[in-house]
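S.K.: Okay, here's the prediction I keep looking at, along with the sequence it came from:
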Amino acid sequence: MIVLGIDPGLRSTGLVGLDGKRAVYRGTIRTPSDWDDAKARDVICRDVLVAAATCNPVSCVVETYEYQGTRTHTENAIRCSLLVGEIRRALLSAGHIVILVERTKWGRDLGIQTDDDQVRRVARFVGLGPRNAHERDAACLAEWGSSLSRMKVAG
């Protein structure tokens with residue numbers, strides 16, 4: 001059961017598909033800083049759909065920007081929230097199951113308190129190791145989503 005984790009950002013979006021502990025897909029969508037937000041969102045949504053079509057996940061887990069302390073009271077957080085909404089709509093329109101989750105929720109559930117905790121956790125995955133912080137976050141999102149999928153199958 002492949003789960004696609006997506007860590008959205010207007011300039012760098014991380015994607016990792018996990019099948020159990022084996023990474024089957026990884027990528028980072030980068031957009032130039034001189035692009036306007038609408039163009040960046042269009043390209044990111046298009047490339048997220050390509051990734052989803054490539055790895056055919058049972059679900060896609062997207063980090064949301066609902067509340068992350070003072071970070072959510074910035075213009076950039078509002079712009080990222082728009083991106084999350086567009087990614088969600090694009091994936092749902094393509095027939096994918098989408099789960100939105102805050103970083104504090106998946107981090108707490110996985111026992112991640114520091115960047116070092118996250119690096120150690122992601123190092124256990126076999127296959128395509130994450131190349132940057134966005135892919136590392138995406139891998140953890142996919143692992144968190146996999147744990148939900150296992151609970152639903154078992155229950």
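M.R.: Okay, I see it.
S.K.: from here on, contacts and neighbour counts on C-alpha atoms
M.R.: Will do.
S.K.: where in the protein is pLDDT low?
M.R.: Counting by pLDDT under 70, the low-confidence segments of the chain come to 66-73, 126, 128, 149-155.
S.K.: Could you pick out the longest helix of it?
M.R.: Secondary structure assigned by DSSP state H gives helix 133-154 as the longest helix of the chain.
S.K.: What segments of the chain are strands?
M.R.: Under the criterion DSSP state E, the chain contains strands at 2-7, 12-19, 22-30, 59-64, 98-102, 126-127.
S.K.: between the ones you listed, which gets nearest to R120?
M.R.: Between R120 and the strands of the chain, the shortest gap by CA to CA is with strand 126-127, which sits at 12.8 Å.
S.K.: Closest to the centroid, which residue in the protein?
M.R.: With the centre of the chain defined as its mean C-alpha position, the nearest residue by CA atoms, centre = their mean is I6, 1.5 Å away.
S.K.: ok, now which ones touch that one?
M.R.: Neighbour list for I6: T13, G14, L15, V16, C60, V61, V62, E63, D137, A138, L141, A142 [criterion: CA atoms under 8 Å, 6 or more residues apart in numbering].
S.K.: who does it bridge with?
M.R.: In this structure, I6 bridges to L15, V62 when assessed by DSSP bridges.
S.K.: G85: neighbouring residues, count only.
M.R.: Residues near G85, counting by other CA atoms under 10 Å, number 13.
S.K.: ok so, going back, okay, the contacts of I6 in a markdown table with neighbour count and distance to R103 next?
M.R.: Putting those into a markdown table (neighbours: other CA atoms under 10 Å; distance: CA to CA, whole Å) gives the following:
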| residue | neighbour count | distance to R103 |
| --- | --- | --- |
| T13 | 22 | 15 |
| G14 | 25 | 14 |
| L15 | 32 | 15 |
| V16 | 32 | 16 |
| C60 | 28 | 15 |
| V61 | 27 | 11 |
| V62 | 26 | 10 |
| E63 | 24 | 6 |
| D137 | 28 | 9 |
| A138 | 31 | 11 |
| L141 | 33 | 9 |
| A142 | 32 | 12 |
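S.K.: want to throw those into CSV with distance to D34?
M.R.: CSV is the format used below for the contacts of I6 (distance: CA to CA, whole Å):
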residue, distance to D34
T13, 16
G14, 20
L15, 23
V16, 26
C60, 29
V61, 28
V62, 25
E63, 24
D137, 25
A138, 25
L141, 29
A142, 30
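S.K.: Right, I'll leave it there.
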